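Undergrad: have a look at this fold, sequence not included:
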């Protein structure tokens with residue numbers, strides 16, 4: 001019993017350790033870069049249903065002012081199970097500029113990770129509009145970009161008075177320009193001249209499609225001010241500014257127009273390469289399984305990932321296909337995705353292809369090279385994957401007995417034979433062999449018993465039928481190869497003249513080598529083999545139609 005008790009205690013300790021490791025307190029912020037006087041939202045999230053109370057925020061007092069906290073409980077049901085998550089959303093106002101760190105916060109036995117913020121002073125365009133209760137500003141992250149490169153446009157709407165939910169902003173429309181929305185709308189607060197303003201922020205990535213000066217039009221924001229109570233309106237009447245609008249009044253504010261200088265493509269950029277202006281570009285590959293010990297007929301999945309900061313996924317070009325002798329290629333559809341960051345879009349393109357070696361030995365894969373223009377440092381760069389060599393070994397399951405030629409050359413006693421000597425020797429040998437066969441056939445009956453070295457045609461056909469109707473692609477492929485070796489034509493010739501067989505072979509290859517192959521049904525393949533028309537009349541191997549001897553005794 002002592003061993004059983006020890007085992008149960010150890011199991012309980014492991015469960016406690018695993019549960020402690022699984023429960024986490026994850027910290028995140030709505031943005032990592034902000035201007036002085038702006039607030040940031042810190043979110044603490046935990047999926048531990050046994051966790052109660054509030055996090056200890058005393059560690060924030062030195063560098064932040066806590067302006068508000070709220071708790072949100074969320075229950076998710078998936079596959080018959082439920083998972084509860086709890087979020088604490090904390091509004092923080094940094095006390096200083098520069099690099100500010102949100103320290104680790106503790107809730108029970110859990111601790112969050114620290115987060116670093118960048119608080120910049122910057123030029124505040126809002127200072128000139130400080131007297132207006134509602135105003136809007138527009139800004140670009142740079143004044144000049146290359147054609148088809150990214151510029152980030154930020155629209156901020158400031159309001160020192162409450163607004164109704166009927167606010168509206170004109171759509172952003174710029175001729176000859178692609179526009180991508182960067183994330184959701186952000187809301188936070190900012191102190192301007194000691195007055196607290198609510199801020200509504202929207203960010204866009206714009207890609208000019210032609211060079212020259214690009215005019216970004218003014219954006220118009222309209223909203224209705226919240227009606228104050230009569231007592232509040234009377235109390236505020238003495239201190240109200242003359243320019244303040246009346247409560248309940250509909251206001252319209254517009255931003256200033258901005259001109260963006262768009263530069264043409266550099267003349268030293270390669271003309272045969274697609275134009276890729278980006279802040280950074282990375283190229284990586286992944287194999288499943290690793291191709292270190294590949295066999296003939298194995299399916300190797302190669303994934304190439306192209307990621308560019310400052311470009312959308314729609315702008316990324318297709319990667320070079322792996323067209324190498326000795327590899328059969330089955331490509332999948334590319335996967336495109338975009339990720340919004342503080343500096344704009346990060347586009348990624350993933351291309352997967354199934355590669356099947358068809359021969360043994362070394363197979364060389366060429367270098368994959370992508371040419372792009374570094375917009376941050378303003379020069380040409382290359383991102384590439386080095387060439388590699390696949391060492392492919394023979395597959396015992398697919399090997400076919402082949403005659404081995406152990407002779408390195410023709411010669412008698414080491415002497416090289418002249419062409420006329422060699423031709424005379426071959427002619428004499430063929431004459432003797434022919435005479436011997438004729439003499440042997442003279443005394444043999446016309447029907448000779450042939451001893452088959454392998455399985456009979458009927459056995460091979462039954463095995464093909466059994467594997468096809470069992471919907472087993474691997475067994476069907478082996479049985480199909482064995483059946484094809486007994487036919488007067490190759491499998492490719494038969495598929496070329498019989499369309500149902502060609503379609504059935506494509507479905508079989510897709511099930512064998514494609515990563516996204518569906519469940520294969522072999523009835524179509526068996527039906528095609530069974531109804532395959534013969535090029536000329538052949539004898540049924542299963543029927544007993546023996547001919548009488550040519551020379552009856």
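TA: Alright, I've got the coordinates. Note that the structure is a prediction, hence the values are computed from the model and not measured. Residues are numbered from 1 along each chain as shown.

Undergrad: for this structure, which spans come out with low pLDDT?
TA: Applying pLDDT under 70 to the chain picks out residues 1-23, 49-52, 77-82, 122-131, 227-248, 399-418, 442-454, 514-518, 536-553.

Undergrad: domain parsing for it?
TA: Under the assignment automatic domain parsing, the domains of the chain span 22-120, 125-230+244-263, 277-393, 457-530.

Undergrad: so for residue 431, which of the ones you listed sits nearest?
TA: Evaluated over the domains of the chain, closeness to residue 431 peaks at domain 457-530, with 28.4 Å, by CB to CB. Heads up, the C-betas are built off the backbone N, CA and C, glycines and all.

Undergrad: end-to-end on that closest one?
TA: In domain 457-530, first residue to last residue: 13 Å (CA to CA, to the nearest Å).

Undergrad: for the residue positioned nearest the centre of the chain, give the beta-bridge partners.
TA: Residue closest to the mean C-alpha point of the chain, counted by CA atoms, centre = their mean, is residue 350 at 3.8 Å. With DSSP bridges as the criterion, residue 350 is bridged to residue 305, residue 335.

Undergrad: ok, it to residue 329 distance?
TA: Residue 350 is 16 Å from residue 329, where distance means CB to CB, to the nearest Å.

Undergrad: now residue 366
TA: Going from residue 366 to residue 329 by CB to CB gives 13 Å.

Undergrad: same thing with residue 191?
TA: From residue 191 to residue 329 the distance is 61 Å (CB to CB).

Undergrad: swap in residue 69?
TA: Here residue 69 is placed at a distance of 56 Å from residue 329 (CB to CB).

Undergrad: list the buried ones in stretch 275-282?
TA: By 16 or more other CB atoms under 10 Å, the buried positions in stretch 275-282 come out as 275, 276, 277, 278, 279, 280, 281.

Undergrad: then stretch 295-302?
TA: 296, 297, 298, 299, 300, 301, 302.

Undergrad: identify the residues contacting that stretch?
TA: 285-289, 291, 294, 322, 352-360, 392-395, 397-398, 512-513, 515 (CB atoms under 8 Å, 6 or more residues apart in numbering).

Undergrad: now the helices for the stretch 401-550 of the chain?
TA: Assignment of helices within the stretch 401-550 of the chain using DSSP state H, counting those that start in this stretch yields the ranges 419-442, 457-469, 473-484, 491-497, 499-513, 523-530.

Undergrad: just put the ones you listed in JSON lines and tack on mean neighbour count and distance to residue 76.
TA: Shown next, in JSON lines, are the helices of the stretch 401-550 of the chain (neighbours: other CB atoms under 10 Å; distance: least, CB to CB, whole Å):
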{"stretch": "helix 419-442", "mean neighbour count": "10", "distance to residue 76": "82"}
{"stretch": "helix 457-469", "mean neighbour count": "18", "distance to residue 76": "44"}
{"stretch": "helix 473-484", "mean neighbour count": "18", "distance to residue 76": "38"}
{"stretch": "helix 491-497", "mean neighbour count": "15", "distance to residue 76": "51"}
{"stretch": "helix 499-513", "mean neighbour count": "17", "distance to residue 76": "36"}
{"stretch": "helix 523-530", "mean neighbour count": "17", "distance to residue 76": "42"}
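
Undergrad: quick one: closest of these to residue 57.
TA: Closest to residue 57 of the helices of the stretch 401-550 of the chain is helix 499-513 (CB to CB; 57.0 Å).

Undergrad: ok, residue 43 - contacts?
TA: 27, 28, 29, 30, 87, 88, 89, 90.

Undergrad: what about it, helix or strand, and which?
TA: Using DSSP states H and E, residue 43 maps to strand 40-46.

Undergrad: check which helices and strands the helix or strand that that strand is followed by sits against.
TA: Next along the chain after strand 40-46, taking DSSP H and E as the criterion, comes strand 64-78. Judged by 3 or more CB pairs under 8 Å, 6 or more residues apart in numbering; DSSP states H and E, strand 64-78 is in contact with strand 81-94.

Undergrad: so for the strand it packs on, what gets flagged as buried?
TA: Judged by neighbour count using 16+ other CB under 10 Å, the buried positions of strand 81-94 are 86, 88, 90, 91, 92, 93, 94.
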